[in-house]
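got a sequence here, can you model it:
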Amino acid sequence: MKTAVVILNWNTEGFLRDFLPGLLRSVAKVEGAEVVVADNASTDGSIKVMSEEFPQVKTLLFEKNLGFTGGYNRAFRELRDTDRPEYFLLINSDIEVTEDWLGPLVEWMDSHPDCGACAPKLHSWQERDKFEYAGAAGGYIDRFGYPFCRGRIMKHLEEDHGQYDSPADVFWATGACLMVRSRVFESLGGLDERFFAHMEEIDLCWRMQLEGWKVTVVPQSVVYHVGGGTLPATSPFKLYLNYRNNLLMLCNNLAKTYALKMSRSGMNAEDAAEKGLRKAGRLIFQRKCLDGLSAIVYLMTFRWDCFKAVLKAHKDCNSLRTDISKEDMKGYLGRVRKSAEVKGIYRRWIVLQSLIDGRDTAKGIKEKDFYKI
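Predicted coordinates:
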């Protein structure tokens with residue numbers, strides 16, 4: 001097997017019935033590609049659907065819900081040991097694919113050995129001419145770590161008029177449909193299982209770039225995403241995961257990114273490591289303050305569950321975070337300083353900019369608007 005197209009399923013029997021047949025037809029057109037369904041201990045009729053309606057599809061059954069991160073890591077380990085795929089493609093069960101979506105992704109990875117991950121354009125299943133919230137045409141983050149996309153800023157979604165139809169290196173690509181090079185996925189330890197779900201793909205893409213790999217959107221491939229298939233947007237648990245995981249992501253990667261930038265400017269490794277750690281600590285504190293302001297808004301608008309979700313997110317992040325030492329940072333800089341390049345960190349705070357000047361599209365953002373790292 002060259003390409004393992006893996007659905008991680010949890011209680012989505014309806015989506016399997018609706019979208020799996022089209023996925024199977026499209027994947028059959030690509031040599032060496034195969035669909036696998038990994039089930040996270042579903043309690044609905046998903047297993048019955050697979051055994052009775054899709055008996056030809058390889059199905060991995062897990063004994064409990066391992067989350068998005070644990071489920072995909074487990075699926076990767078099992079497929080690595082038995083099928084040894086070159087490419088590992090994560091795809092949500094609520095994705096409707098087009099006939100020729102997979103070929104361009106495989107071709108891109110084959111012809112670009114420096115690419116660690118690539119993804120299609122993501123359109124809304126409900127409004128098919130618009131981009132979809134979860135990934136649109138590839139994503140960036142702003143100076144405080146808030147993610148946004150080409151095709152989506154805050155809750156505003158652009159119509160696709162071909163404005164992002166050239167392949168582009170981005171900061172992150174959506175985990176709703178993401179192809180990764182298996183050896184890169186393995187070398188990075190896969191997805192960070194502390195995340196459980198949400199923003200784990202942004203963290204993975206950031207770690208890839210810090211190791212010298214590119215993340216690319218290949219717009220010749222298009223899929224349609226229903227969205228909200230597992231957790232609705234109003235879920236306090238989803239809010240908790242987003243706040244907690246965004247901070248974990250910054251703790252994982254921000255100090256390395258700052259130190260890399262400083263070392264590129266000519267600073268020696270020891271000073272770059274020390275200043276990178278200090279600067280990251282200051283920004284993470286500022287980000288926590290911004291989160292605190294949003295918690296106050298939740299409190300003042302009587303959204304108690306949301307208020308408690310932010311507080312719990314900060315508490316749990318503090319207990320889960322693992323900070324890199326100065327010595328480890330120096331070792332990292334000595335190993336990758338010349339090869340790593342991080343693209344897509346926006347110089348401004350996209351939330352405030354959107355509120356003040358009404359920015360609702362990434363189309364006008366230029367290369368000079370991003371940090372050069």
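
can we go C-alpha only for contacts and neighbour counts from here?
Will do.

quickly list the domain ranges of this protein.
Listed domain ranges for the chain are 3-225, 236-342 (source: automatic domain parsing).

for the first one, measure first residue to last.
For domain 3-225, the first and last residues are 21 Å from each other (Cα to Cα, to the nearest Å).

returning to that earlier point: which of the domains of the chain sits closest to residue 359?
Nearest of these to residue 359, taken as Cα to Cα: domain 3-225 at 7.7 Å.

nearest to residue 365, out of the domains of the chain?
It's domain 3-225; of the domains of the chain, that one is closest to residue 365 (Cα to Cα) at 9.4 Å.

how far is that closest one from where the chain is centred?
Relative to its parent chain, domain 3-225 has a centroid offset of 9 Å by Cα atoms, centre = their mean, to the nearest Å.

what mean pLDDT does it have?
Domain 3-225 comes out with an average pLDDT of 97.

what's the nearest residue in space to residue 211 that is not next to it in sequence in contact with, if anything?
The shortest distance from residue 211 to any non-neighbouring residue, by Cα to Cα, 6 or more residues apart in numbering, is to residue 340 (5.5 Å). Counting by Cα atoms under 8 Å, 6 or more residues apart in numbering, residue 340 touches 209-213.

are any of those residues buried, and which?
209-213 (16 or more other Cα atoms under 10 Å).

so which of these are in helices?
The helices, defined by DSSP state H, take in 209-210 from these.

so what secondary structure elements neighbour the helix or strand where residue 239 lies?
In the assignment (DSSP states H and E), residue 239 maps to helix 236-264. Helix 236-264 is packed against helix 200-210, helix 269-300, helix 304-320, helix 326-336, with contacts defined by 3 or more Cα pairs under 8 Å, 6 or more residues apart in numbering; DSSP states H and E.

now do that helix, average pLDDT.
Averaging pLDDT along helix 236-264 gives 96.

circling back to that earlier point, right, so of the domains of the chain, which gets closest to residue 353?
Nearest to residue 353, of all the domains of the chain, is domain 3-225, at 10.4 Å by Cα to Cα.

re earlier: which of the domains of the chain is buried the deepest?
Among those, ranked by average contacts under mean count of other Cα atoms under 10 Å, first place goes to domain 3-225 (a mean of 20).

excluding its backbone neighbours, what's nearest the most centrally placed residue in the chain?
Centroid-nearest residue in the chain, with Cα atoms, centre = their mean: residue 201, separated by 2.3 Å. Excluding its sequence neighbours, the residue lying closest to residue 201 (Cα to Cα, 6+ apart) is residue 175, at 5.4 Å.

which residues sit in contact with the one you found?
90-91, 200-201.

most widely separated two among the residues you listed?
Farthest pair in the contacts of residue 175, by Cα to Cα: 91 and 200, 14.0 Å.

does residue 100 touch residue 221 like I think?
Yes. The criterion here is Cα atoms under 8 Å, and residue 100 meets it with residue 221 at 7.1 Å.

give me phi/psi at residue 225?
Torsion angles at residue 225 (phi, psi; degrees, to the nearest 10) stand at phi -120, psi 130.

three-state assignment of the residue nearest to residue 201?
coil (DSSP: H, G, I helix; E, B strand; the rest coil).

so residue 96 sits right up against residue 16, yeah?
No. Here residue 96 lies out of contact with residue 16, judged by Cα under 8 Å, at a distance of 10.3 Å.

one step back: biggest separation within the buried ones among the contacts of residue 340, which pair?
Within the buried ones among the contacts of residue 340, two members stand farthest from each other by Cα to Cα: 210 and 213, at 7.4 Å.

next, show the common contact partners of the two.
340-341.

what about the helices in the stretch 101-250 of the chain?
Under the criterion DSSP state H, counting those that start in this stretch, the stretch 101-250 of the chain carries helices at the ranges 102-111, 182-187, 200-210, 236-264.

and residue 60, that one's in a strand?
Yes. Judged by three-state DSSP, residue 60 forms part of a strand.

got the contact list for the residue nearest to it when sequence neighbours are not counted?
Residue nearest to residue 60 in three dimensions, not counting chain neighbours: residue 38, with 4.5 Å by Cα to Cα, 6+ apart. Residue 38 makes contacts with 6-9, 59-62, 71-72, 75, as judged by Cα under 8 Å, 6+ apart.

residue 61 contacts residue 46, correct?
No. In this structure, residue 61 is not within contact of residue 46 by Cα under 8 Å, at 10.9 Å.

quick revisit: could the helices of the stretch 101-250 of the chain be laid out in a markdown table, adding distance to residue 150?
What follows is the helices of the stretch 101-250 of the chain, written out as a markdown table (distance: least, Cα to Cα, whole Å):
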| stretch | distance to residue 150 |
| --- | --- |
| helix 102-111 | 19 |
| helix 182-187 | 25 |
| helix 200-210 | 15 |
| helix 236-264 | 19 |
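
relative to residue 320, which of those helices is closest?
Nearest of the helices of the stretch 101-250 of the chain to residue 320, taken as Cα to Cα: helix 236-264 at 7.9 Å.
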